[in-house]
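Visitor: here is a sequence with its predicted model. Questions after.
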Amino acid sequence: MSEPKHDEALVNNFLERISALSVSAFDGADVSGELAQIMREAASRADAGTLQVLAQRLRERAEAAEREGQAVVRDTFAKAATLAK
C-alpha cells in the first residue's frame, strides 16, 4: 500500500530528532517534555498526510526496538506515535 502524499523531508527531520531523544532516554534521561514539544511542533507544521506517515514510521521503529529488546527506545517511539495527531 502506498503512503499518502506527505513531506518526506519533514518526516525525516522529526524522525531524526526523536531518534536522538530515544538515545538520551536509553542513557537514562527523562525526555518526556522534549518529546511532547517536538510532537506539538510536528502537529503545527505538518499536514494530515505527513503526520500519518510520521506516526506509521514511529510505530515501525517502536516495533524494531521491541524486537531488539530495547524497551526504553520502544517506549519513546511508541509515545511519540500516540502524540502524532
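Guide: Perfect, I can see it now.
Visitor: now do residue 7 against residue 43, distance only.
Guide: Using C-beta to C-beta, to the nearest Å, one obtains 14 Å as the distance from residue 7 to residue 43. (Glycine included, C-beta is placed from N, CA and C.)
Visitor: list the contacts for the nearest residue to residue 70 once chain neighbours are set aside?
Guide: Of all residues not flanking residue 70 in the chain, residue 26 sits nearest, at 6.8 Å (C-beta to C-beta, 6 or more residues apart in numbering). Shown in contact with residue 26 (C-beta atoms under 8 Å, 6 or more residues apart in numbering): 70, 72, 73.
Visitor: kindly reformat those residues as a markdown table containing neighbour count, pLDDT and secondary structure.
Guide: Compiled in a markdown table, those are given as follows (neighbours: other C-beta atoms under 10 Å; pLDDT from 0 to 100; DSSP: H, G, I helix; E, B strand; the rest coil):
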| residue | neighbour count | pLDDT | secondary structure |
| --- | --- | --- | --- |
| 70 | 17 | 96 | coil |
| 72 | 16 | 97 | helix |
| 73 | 21 | 97 | helix |
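Visitor: so residue 23: helix, strand or coil?
Guide: Per DSSP: H, G, I helix; E, B strand; the rest coil, the secondary structure class of residue 23 is helix.
Visitor: okay, how far is it across stretch 24-32, tip to tip?
Guide: With C-alpha to C-alpha, to the nearest Å as the measure, stretch 24-32 spans 11 Å from end to end.
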